[in-house]
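K.L.:
Quick one: sequence and predicted model below, then my questions.
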Amino acid sequence: MLARTPSETRLLIPGLAGFYGWAPEIGYLLLRVVIGYILFMHGWAKVQAGFAAEVGFFVKVGFALPVLCAFAVIFLETVAAACVALGLFTRFFAAALAIEIGVMFVAIHGPKGFSASKGGFEYVLLLGIVMFFIALAGGRRYSLDRMIGKEL
């Protein structure tokens with residue numbers, strides 16, 4: 001009998017192997033759809049508030065090119081977020097969203113500390129890390145990328 005290395009594990013209930021074979025793909029699909037939906041709704045609130053309100057926000061916080069910033073944020077948090085949820089051009093849009101969220105982390109939320117209740121970065125950090133993970137993982141099995149057979 002060969003000795004197992006410490007890095008190998010066995011299931012305590014071997015009958016669960018079939019479940020664990022397909023369940024991670026379903027879990028990933030849920031993660032991608034839910035985070036895409038959350039960001040879409042965040043962007044949709046900006047659409048409803050109006051483009052001028054978003055431009056005003058970027059003027060208030062001192063961003064250069066506030067009109068361009070407002071357009072980029074609204075586009076990313078609606079179109080790109082919907083594409084992430086659907087798994088269409090997943091890597092590209094998730095990477096773009098991770099970058100946008102990273103900028104917001106540094107410029108807006110980081111200086112306010114950790115607590116989201118005080119405008120801090122805890123929620124933004126979570127969103128950014130999840131988008132970064134999705135950018136690395138792509139659409140995977142249950143995505144439009146997979147259906148069309150191409151991804152960026």
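P.N.:
Received it, and whenever you're ready, just let me know what you need. Not measured: the values here are computed from a predicted model.
K.L.:
Could you use CA atoms for every contact and neighbour count after this?
P.N.:
Fine.
K.L.:
So which elements touch the helix or strand containing A45?
P.N.:
When elements are assigned from DSSP states H and E, A45 belongs to helix 17-49. Contacts defined by 3 or more Cα pairs under 8 Å, 6 or more residues apart in numbering; DSSP states H and E place helix 17-49 against helix 66-75, helix 81-86, helix 122-137.
K.L.:
Give me the mean pLDDT for it.
P.N.:
For helix 17-49, mean pLDDT is 97.
K.L.:
With stretch 132-139 instead?
P.N.:
The model assigns stretch 132-139 a mean pLDDT of 98.
K.L.:
what about G139, is that helix, strand or coil?
P.N.:
Following DSSP: H, G, I helix; E, B strand; the rest coil, the label given to G139 is coil.
K.L.:
I'd say it and L88 touch.
P.N.:
Yes - G139 is in contact with L88 according to Cα atoms under 8 Å; the separation is 7.2 Å.
K.L.:
just to revisit the earlier point, could you say which of the helices and strands packed on helix 17-49 is packed most deeply?
P.N.:
Looking across those with neighbours counted as mean count of other Cα atoms under 10 Å, the highest average goes to helix 81-86: a mean of 26.
K.L.:
Now find how far off-centre it is within its chain.
P.N.:
Put simply, helix 81-86 sits 9 Å off its chain's centre (Cα atoms, centre = their mean, to the nearest Å).
K.L.:
Give the buried residues for the following helix or strand past the helix holding A45.
P.N.:
On the C-terminal side of helix 17-49, the nearest following helix or strand under DSSP H and E is helix 51-60. By 16 or more other Cα atoms under 10 Å, the buried positions in helix 51-60 come out as 54-55, 58-59.
K.L.:
Who are the packing partners of helix 51-60?
P.N.:
Judged by 3+ Cα pairs under 8 Å, 6+ apart, the packing partners of helix 51-60 are helix 66-75.
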